[in-house]
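> no FASTA, just this:
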């Protein structure tokens, strides 16, 4: 599995935290699905005849338990940060991502324009990132502990793609895209996060 961590556009540390936020509404559903699957696996293991079949089932059960631990940790980090932080930007961020309110609803509730709404979302995201880092939950720790969780990695790729699109649109509006080319002339760069078979993580500039 491979995930792209960008240097341009939104700071990569904020993108990683945004991926946690995007994952949040699905965590409990994922945990319930894992619990059901684990019950089915345990039942299958009880009736398994061959030792290698039992071993495969037990390995899956162990992996499910580890995934549940990661999902619990993701949820706990976000809950704690919102509990500790208090600002209009964080409140708006919570409405948008934790309660799942559409932007139109958030705009009406706070009486702000869409542009202002997005600006507050970015401020809230920056504040949330700083709160997490204050307690040792920085980009590297999140990627190391959650990078192999499929829900998180899917959301990370999603937010990176969205940020790419936003950056490309901004480049076009500012006239910074070369005619006939799909890239900005400011020569964007990226980093890649590689997941080794042993669960290790390596950064490449």
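Happy to help now that I have it. Note that the coordinates shown come from a computational prediction; the quantities given were computed from them, not determined experimentally.

> I'd say residue 112 and residue 120 touch.
Yes: the pair residue 112 / residue 120 is scored as a contact, 7.1 Å apart, by C-beta atoms under 8 Å. C-betas here are computed from N, CA, C, even on glycine.

> of those two, who's got more company?
Shown here are residue 112 and residue 120; by other C-beta atoms under 10 Å, residue 120 has more neighbours (21 against 16).

> the more buried one and residue 89 touch, don't they?
Yes: if you go by C-beta under 8 Å, residue 120 and residue 89 touch, sitting 4.8 Å apart.

> mind listing what's buried in whichever strand or helix holds residue 56?
Using DSSP states H and E, residue 56 sits in helix 51-84. Neighbour counts over helix 51-84 (16 or more other C-beta atoms under 10 Å) mark 57, 61, 64, 67-68, 70-71, 74-75, 77-78, 81-82 as buried.

> mind listing the strands in the protein by residue range?
2-6, 190-195, 201-204 (DSSP state E).

> lowest average pLDDT across those strands?
Among those, strand 201-204 has the lowest mean pLDDT, at a mean of 33.

> pretty sure residue 41 is touching residue 60, no?
Yes: between residue 41 and residue 60 there is a contact under C-beta under 8 Å: 5.5 Å.

> about what we covered before: and the helix holding residue 56, what other elements does it pack with?
helix 12-23, helix 27-47, helix 114-134, helix 139-146, helix 150-173 (3 or more C-beta pairs under 8 Å, 6 or more residues apart in numbering; DSSP states H and E).

> mind listing residues that contact the third one?
Spelled out, it's helix 114-134. For helix 114-134, contacts defined as C-beta atoms under 8 Å, 6 or more residues apart in numbering pick out 10-11, 13-14, 17-18, 21, 77-78, 81-82, 84-85, 87-94, 96, 103, 106-107, 110, 112, 138, 142.

> same thing with the second one?
Applying C-beta under 8 Å, 6+ apart, the external contacts of helix 27-47 come out as 54, 57-58, 60-61, 64-65, 67-68, 71-72, 74-75, 151.

> one more pass at 10 Å, please.
20, 23, 26, 48, 53-65, 67-68, 70-72, 74-75, 78, 149-152 (C-beta atoms under 10 Å, 6 or more residues apart in numbering).

> how big is the angle separating it from helix 51-84?
For helix 27-47 against helix 51-84, the angle by axes from the mean of the first three to the mean of the last three C-alpha atoms, to 10 degrees is 160 degrees.

> can you give me the buried ones in helix 27-47?
Neighbour-count burial for helix 27-47 [16+ other C-beta under 10 Å]: 27, 30-31, 34, 38, 41, 45.

> try the third one
If you call a residue buried by 16+ other C-beta under 10 Å, then helix 114-134 has these buried ones: 117, 120-121, 123-129, 131-132.

> the fourth one too?
Neighbour-count burial for helix 139-146, counted by 16+ other C-beta under 10 Å, picks out 139, 142-143, 145-146.

> tabulate these in CSV, adding columns for pLDDT and distance to residue 167.
Formatted as CSV, those follow (pLDDT from 0 to 100; distance: C-beta to C-beta, whole Å):
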residue, pLDDT, distance to residue 167
139, 95, 19
142, 97, 22
143, 96, 21
145, 96, 28
146, 96, 24
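
> and of those residues, the nearest to residue 168?
residue 139 (23.2 Å; C-beta to C-beta).
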